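Visitor: need coordinates for the below:
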Amino acid sequence: MNMRVMGIVKEKESGKPLSGLLVCAYDKDLIYSDLLGKAKTGSDGKFIIEYDSKDFQELLDKNPDIYLDIYREADANIAHQKKVKPIFTTKKSIRYSASSSEKFYIEIPRKRLG
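Guide: Here you go, the predicted structure:
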C-alpha cells in the first residue's frame, strides 16, 4: 500500500517558508528506526515523502510510528552519517500508529537555522 508524509517547514519567528532543507521520515522501532524516505523542501517550504507499507512492517507493526529529522541543505549529502545532527526533530512527538497520509506543520526557531 502506498503511503505518504507531507507538510510544510517554516521559520517560527517570521512564518516564511524554508526551502532546500532535507526532511527524513523514520518509523521508530525499539532498537533501530527505519528510514521511510526523504525529500527536500521546495521554495514554498513544502515536502512530500512517499513510501510503501513494506518499508516499515515487522512482525507486530500494522502502522508506522513516524518522526521527522530535518537537516540544512549543506548537510543533505552527509545526513546519513551519525556525526551530523538534525537542526530539528519531531522525536519527542512521535505519531504513533500513523495513518496512510500524515501532514506535518513544522516551525523551526531562527537560532536553529544558523
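Visitor: quick one, helices of the chain?
Guide: Under the criterion DSSP state H, helices of the chain are mapped to 110-113.
Visitor: ranges for the strands of it?
Guide: Applying DSSP state E to the chain gives strands spanning 2-11, 22-27, 34-40, 46-52, 66-71, 88-89, 101-108.
Visitor: most packed of those strands?
Guide: Greatest average neighbour count among the strands of the chain goes to strand 22-27 (a mean of 24), per mean count of other CB atoms under 10 Å. From N, CA and C alone the C-beta is placed, and that goes for glycine too.
Visitor: re earlier: nearest to R95, of the strands of the chain?
Guide: Smallest distance to R95 across the strands of the chain (CB to CB): 4.5 Å, for strand 66-71.
Visitor: ok, and what's touching the closest one?
Guide: The contact list for strand 66-71 (CB atoms under 8 Å, 6 or more residues apart in numbering) reads 5, 7, 9, 21-28, 33, 36, 79, 84, 86-91, 93-95, 98, 102, 104, 106, 108.
Visitor: beta-bridge partners for the residue nearest to the spatial centre of the chain, please?
Guide: Centroid-nearest residue in the chain: L68, 2.8 Å away (criterion: CA atoms, centre = their mean). With beta bridges defined as DSSP bridges, L68 has these partners: A25.
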